[in-house]
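Trainee: Sequence unavailable; structure follows:
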């Protein structure tokens, strides 16, 4: 891994280019109080933004630790080479038009190759990169205004969008941002590399990453392992949920496992908390900064309104959070603090009897905290200060900070609306170790994510070589391949012509199913006949079918709970394993969950629990539970076919349905698509 120390914490900075962008970088560095030396390079100017300019980088009095290259694409390549020869610590390449623009400019890829050769082992950020702000050391290499201020500790945020970075610096939520790094097209230095470097700074409390594309997955796996070792939480805002990044398919599995399913499974596998919007992203980082990961999902809520107590309880229904009943100690202490008129519960409406009595509020809020509670939520909305007098809410600030000091328990003050948590109040609470949440919805999302523990170390994601043209195996051959690895399949025979069905089926136990081979989605095209009771009926059913390439006759499976097991190759993330409600319920319920291969039996068990159909698998309305070990054996067979023979490159496998019973699991239908 390259050394980014000089670049990200420079003692000297040179700006190459004297236009408006270059001037802005020097102005922002001066405004932020950069303590090091500033230089400029310009072919004709004697100074830029009040900084002495040199005609070339080779004339600088010392090798610069960091450089901002603010000139056009072709000139950037030469500047990078001269900086490398000068032994600079690293450079930010501002210009665009490199590989990120290949769709519009075919020369972009070649320009990027030249840039990489010119930079050599000198670290570069970008190209198409705005730069970074190191608020810990008063370093701003940034060609625009920003909203950061110096901090002694805080979170790091990395983005692939400079505009999003600018917007995030302007947040007024009290979140201390220690590092804001834009990464551009990551031609040489990836987000994962930068984040891994920042993990070594003890002043960084959490890292948030806005991700458009991962790049090399092993780098992210190494980052997650390092974060787990250092116990520093990671959060991600991954875009691309709507992208249709998959090939045309003949199975349900791939249609359910779109491009984003692999990304989501990858983040879960690494233990990186995923958010879907910028407010939740910031609030999650805020919680991580103050508390780190939470030990459980058990929370308490206390407010002076029954409406707020109900609101919290209702909104939490959509999150994996628990409000445990009050224990005897909590009831005793709350009764002593609130008197007899308050109905004690969690969430708690403590009414307004004690409002303005800071000592009583402190006692009541402290009583709600407990060693079995991961986080106590204090619901308080502050009035707008342009038309109202907010001084009447000082008692809440004082009680919250006093509660935190007295109990040392994790505590958050939550404004139900983001605008009702003033920035000044948020900073005061943050300084006292109280999480100031801006928005109840965002708070509940953040608490849910923070209560998800780091997963155990995992085997690397399996990434095969690219796959060429594919073929679809017959159902008979697909089942035979899977059965060789432990999948239980029905007894069957295959014939080429309908007139052969009666004689061939006589060797089977009736009832049987008759299927036309060579059809995708046979049941939708009249290519399946079930519960056939005699050889002649089987032949008549085959004669009624058209468009098949032979016929498969197999013994009917016993009734049971229908499950889908599928695996689909996502080129960006490896093999996505899908577990879902099977049979006719696959599309109707869309009840599904995704993992990345390889998986363990424990992984599969946790995934099954996330399915709605798991109630049926466990036994529902006096029905017996199914054999869950048999489900794992079936999943293991799919995994073995994919991972066990590198000469057979699999595009997708689907077993649907897998009939799950108390005595086992049997695959009624199976599909394999592999490279020719």
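Mentor: Yep, that arrived. All of these numbers come straight from a predicted model, not from anything done at the bench.
Trainee: mind listing what's buried in stretch 319-334?
Mentor: 319, 321, 323, 326, 330, 333-334 (16 or more other CB atoms under 10 Å). Glycine gets a C-beta too; all of them are placed from N, C-alpha and C.
Trainee: Provide the contact partners of that stretch at residue level.
Mentor: 297-301, 313, 316, 342, 344-348, 350, 363-364, 366-368, 370, 372-373, 444-445, 447-448, 451-452 (CB atoms under 8 Å, 6 or more residues apart in numbering).
Trainee: got the end-to-end distance for it?
Mentor: One end of stretch 319-334 sits 27 Å from the other (CA to CA, to the nearest Å).
Trainee: what pLDDT, on average, does it get?
Mentor: In this model, stretch 319-334 has an average pLDDT of 96.
Trainee: quick one: contacts for residue 183?
Mentor: 125-126, 129, 158-160, 189-191, 194.
Trainee: change it to 10 Å
Mentor: 125-126, 128-130, 132, 158-162, 165, 189-195, 209-212, 215 (CB atoms under 10 Å, 6 or more residues apart in numbering).
Trainee: Report the secondary structure state of residue 461.
Mentor: Following DSSP: H, G, I helix; E, B strand; the rest coil, residue 461 is assigned to coil.
Trainee: Quick check: phi and psi at it.
Mentor: Backbone torsions for residue 461, taken as degrees, to the nearest 10, come to phi -60, psi 140.
Trainee: For it, which non-adjacent residue is closest in space?
Mentor: residue 574 (4.3 Å; CB to CB, 6 or more residues apart in numbering).
Trainee: What are the neighbouring residues in contact with that neighbour?
Mentor: Contacts of residue 574 (CB under 10 Å, 6+ apart): 217, 262, 265-266, 269, 460-464, 567, 596-598, 642.
Trainee: Just among those, which is most surrounded?
Mentor: Highest neighbour count within those, by other CB atoms under 10 Å: residue 567, with 30 neighbours.
Trainee: returning to what we had before: lowest-confidence entry in the contacts of residue 574?
Mentor: For those, the pLDDT minimum is residue 464, 83.
Trainee: one step back: would you list the buried residues of stretch 319-334 in JSON lines and tack on secondary structure and distance to residue 84?
Mentor: Shown next, in JSON lines, are the buried residues of stretch 319-334 (DSSP: H, G, I helix; E, B strand; the rest coil; distance: CB to CB, whole Å):
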{"residue": "319", "secondary structure": "coil", "distance to residue 84": "50"}
{"residue": "321", "secondary structure": "coil", "distance to residue 84": "52"}
{"residue": "323", "secondary structure": "coil", "distance to residue 84": "58"}
{"residue": "326", "secondary structure": "coil", "distance to residue 84": "65"}
{"residue": "330", "secondary structure": "helix", "distance to residue 84": "64"}
{"residue": "333", "secondary structure": "helix", "distance to residue 84": "66"}
{"residue": "334", "secondary structure": "helix", "distance to residue 84": "66"}
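Trainee: Which pair of those spans the longest distance?
Mentor: Spatially, the most separated pair among these is 319 and 333, at 27.3 Å (CB to CB).
Trainee: Determine the set of other helices and strands touching the longest helix anywhere in the chain.
Mentor: Of all segments of type helix in the chain, defined using DSSP state H, the longest is helix 628-643. On a contact count with 3 or more CB pairs under 10 Å, 6 or more residues apart in numbering; DSSP states H and E, helix 628-643 meets helix 475-483, strand 561-570, strand 574-581, helix 601-609, helix 614-617, strand 650-661, strand 664-667, strand 670-675.
Trainee: just to revisit the earlier point, just the buried subset of the contacts of stretch 319-334, please.
Mentor: The buried subset of these (16+ other CB under 10 Å) comprises 297-301, 316, 342, 344, 346-348, 350, 363-364, 366-368, 370, 373, 444-445, 447-448, 451-452.
Trainee: Please flag which of the residues you listed sit within strands.
Mentor: Among the buried ones among the contacts of stretch 319-334, DSSP state E puts 299-301, 348 in strands.
Trainee: Between those residues, which sits nearest residue 233?
Mentor: Once CB to CB is applied, the member of these that ends up nearest residue 233 is residue 299, at 17.5 Å.
Trainee: any idea how far the closest one lies from residue 514?
Mentor: 56 Å (CB to CB, to the nearest Å).
Trainee: looking at the protein, which helix or strand does the model trust least?
Mentor: helix 252-256 (a mean of 44; mean pLDDT, DSSP states H and E).
Trainee: centre of the chain versus whichever helix or strand comes after it, how much separation?
Mentor: Going down the chain from helix 252-256, the next helix or strand is helix 259-270, by DSSP states H and E. Mean-position distance between helix 259-270 and its chain equals 6 Å (CA atoms, centre = their mean, to the nearest Å).
Trainee: who are the neighbours of the helix or strand just after helix 259-270, in terms of helices and strands?
Mentor: Downstream of helix 259-270, the next assigned helix or strand under DSSP H and E is strand 273-275. Judged by 3+ CB pairs under 10 Å, 6+ apart, the packing partners of strand 273-275 are strand 204-211, strand 234-238, helix 259-270, helix 278-291, helix 440-450.
Trainee: Parallel or antiparallel, which strands does the shortest one pair with?
Mentor: Strand pairing for strand 234-238, determined by DSSP bridges: strand 204-211 (parallel), strand 273-275 (parallel).
Trainee: Adding mean neighbour count, write those strands out as a markdown table.
Mentor: Output for the strands paired with strand 234-238, formatted as a markdown table (neighbours: other CB atoms under 10 Å):
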| stretch | mean neighbour count |
| --- | --- |
| strand 204-211 | 24 |
| strand 273-275 | 23 |
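Trainee: Which one of the ones you listed lies nearest to residue 468?
Mentor: Across the strands paired with strand 234-238, closest to residue 468 is strand 204-211 (CB to CB), at 29.0 Å.
Trainee: I'd like to check the angle between the closest one and helix 259-270, please.
Mentor: Calculated by axes from the mean of the first three to the mean of the last three CA atoms, to 10 degrees, strand 204-211 forms an angle of 160 degrees with helix 259-270.
Trainee: domain assignment for the protein?
Mentor: Following automatic domain parsing, one finds the domains of the chain at 1-129, 146-292+454-458, 294-450, 491-555, 561-675.
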